[in-house]
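Student: A structural model of the following input is requested.
(one chain, ligands or ions: 1)
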Amino acid sequence: ALERTLSIIKPDAVAKNVIGEIYSRFEKGGLKVVASKMKHLSRKEAEGFYAVHRERPFFNALVEFMISGPVMIQVLEGEGAIAKNRELMGATNPKDAAAGTIRADFADSIDANAVHGSDAPETAAVEIAYFFASTEIFSR
Ligand code: CMP
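Tutor: Numbering: from 1, shown residues only. Presented below is the predicted three-dimensional model:
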């Protein structure tokens, strides 16, 4: 099915100047960028976005990292976009990420792991609405 997913290029990858390389992988993978914005998240925004992880031991480190610099946030659209994006990203921990994936090539650690992508249709809908009004999304 035609799906949309929320993608974030995290502060580590923005600092490495690889936004374009990562966008190129989305496009070559058949995904279209239908919305995008650069943003330096406030603590409240980062905590709200990752609210499902609030009780996890890595929550504070995750929030600190996500507010350490600007991020690039986009909505990706395509057939099976959620799984496709996860395939392009590779495993959460770059040590486990398959060769040629975004995390294998650009991530340094499980915290500084270059990208975030929604994991299911329900979370994709919530995450997209967290950052974008429907008028900011341009289906083509
Ligand atoms: P992300 O897809 O953005 O979702 C939550 C983030 O928490 C995850 O990527 C990792 O960067 C970070 N994280 C840190 N430690 C862990 C862990 N043990 N398990 C899962 N995610 C972790």
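Student: mind checking how far the closest residue to residue 34 other than its chain neighbours is from the ligand?
Tutor: Spatially, and ignoring its direct neighbours in sequence, residue 34 is nearest to residue 77 (4.6 Å; CB to CB, 6 or more residues apart in numbering). Every residue, glycine included, has its C-beta placed from N, CA and C. Residue 77 sits 19 Å away from the ligand when distances are taken as CB to the nearest ligand atom, to the nearest Å.
Student: Ok, residue 47 next?
Tutor: 12 Å.
Student: Could you give the number of residues near that residue?
Tutor: Residues within reach of residue 47, counting by other CB atoms under 10 Å, total 18.
Student: my read: it touches residue 66, true?
Tutor: No - using CB atoms under 8 Å, residue 47 is not in contact with residue 66, being 9.2 Å away.
Student: which residues are common contacts for these two?
Tutor: Here residue 47 and residue 66 share no contacting residue, scored by CB atoms under 8 Å, 6 or more residues apart in numbering.
Student: C-terminal to the strand or helix carrying residue 45, what's the next element?
Tutor: Residue 45 belongs to helix 43-49 when assigned by DSSP states H and E. The C-terminal neighbour of helix 43-49 among helices and strands, as given by DSSP H and E, is helix 59-66.
Student: What helices and strands are in contact with the helix or strand following that following helix?
Tutor: Proceeding N to C from helix 59-66, the next assigned helix or strand is strand 71-79, under DSSP H and E. Helices and strands touching strand 71-79, by 3 or more CB pairs under 8 Å, 6 or more residues apart in numbering; DSSP states H and E, are strand 2-9, helix 11-15, helix 19-28, strand 32-39.
Student: Okay, now the sheet partners of strand 71-79, with direction.
Tutor: strand 2-9 (antiparallel), strand 32-39 (antiparallel) (DSSP bridges).
Student: my guess is residue 39 meets residue 74, correct?
Tutor: No - shown here, residue 39 and residue 74 do not form a contact pair, counting by CB under 8 Å, at 11.0 Å.
Student: Which of the two has more residues huddled nearby?
Tutor: residue 74 (25 against 12).
Student: So in terms of bridging, what pairs with the more buried one?
Tutor: Assigned bridge partners for residue 74, using DSSP bridges, are residue 7, residue 36.
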